[in-house]
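>>> prediction below, plus the sequence it came from.
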Amino acid sequence: MAKTDMQQLRSDIYDIVEQIPRGRVLTYGDIARLAGYPRLSRQVGHLLSTVSPSLHLPCHRVVNAAGRLAPHWPEQQRLLEAEGVKVEPGKDGTARVRLKAYRWALSL
DNA sequence: ACATTGACCGGTT
DNA sequence: AAACCGGCCAATG
């Protein structure tokens, strides 16, 4: 994967995340597939971690495939709940969302 | 070059 | 539901 492709992936990610409707969520894997790089879910996560808040990108609507929220970002839960996404703590205390209910419906 | 590290994924216990 | 496992790949030291 060349550096230029990473730049391309970054802008594609921005486009996709920008279109996630209020109250819905997507997974890193979903975004990687939509961008055309189905095996780069980890890179998607890393790129999103370096997004400047000034872009007003709704990256709080991105969770992992288990519905778990991003580490090192406690704020995310409050942002999701503010738009009606229910976040319930599991037995171990880790917060999760029900993908079955909130995942942005896509034809994959 | 080599090893380790992640905002990860899917299948199998 | 959760733990475990093997795979994944750019970035980093």
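Structure received.
>>> please name the nearest non-neighbouring residue to the residue nearest the centre of chain A.
Central residue of chain A (C-alpha atoms, centre = their mean): A:Val62, 1.6 Å from the mean position. Spatially, and ignoring its direct neighbours in sequence, A:Val62 is nearest to A:Leu26 (5.7 Å; C-beta to C-beta, 6 or more residues apart in numbering). Glycine gets a C-beta too; all of them are placed from N, C-alpha and C.
>>> so that neighbour, which of the three states?
strand (DSSP: H, G, I helix; E, B strand; the rest coil).
>>> was I right to think it contacts A:Arg61?
Yes - using C-beta atoms under 8 Å, A:Leu26 makes contact with A:Arg61 at a distance of 6.5 Å.
>>> where does the nearest residue to A:Arg68 once chain neighbours are set aside sit: helix, strand or coil?
Nearest residue to A:Arg68, sequence neighbours excluded (C-beta to C-beta, 6+ apart): A:Arg96, at 5.4 Å. Secondary structure for A:Arg96, judged by three-state DSSP, is strand.
>>> near DNA strand B, which residues of chain A? Just list them.
A:27-30, A:41-46, A:48-49, A:51, A:59, A:62, A:64-66, A:68, A:70-73, A:76 (C-beta under 7 Å from any atom of the strand).
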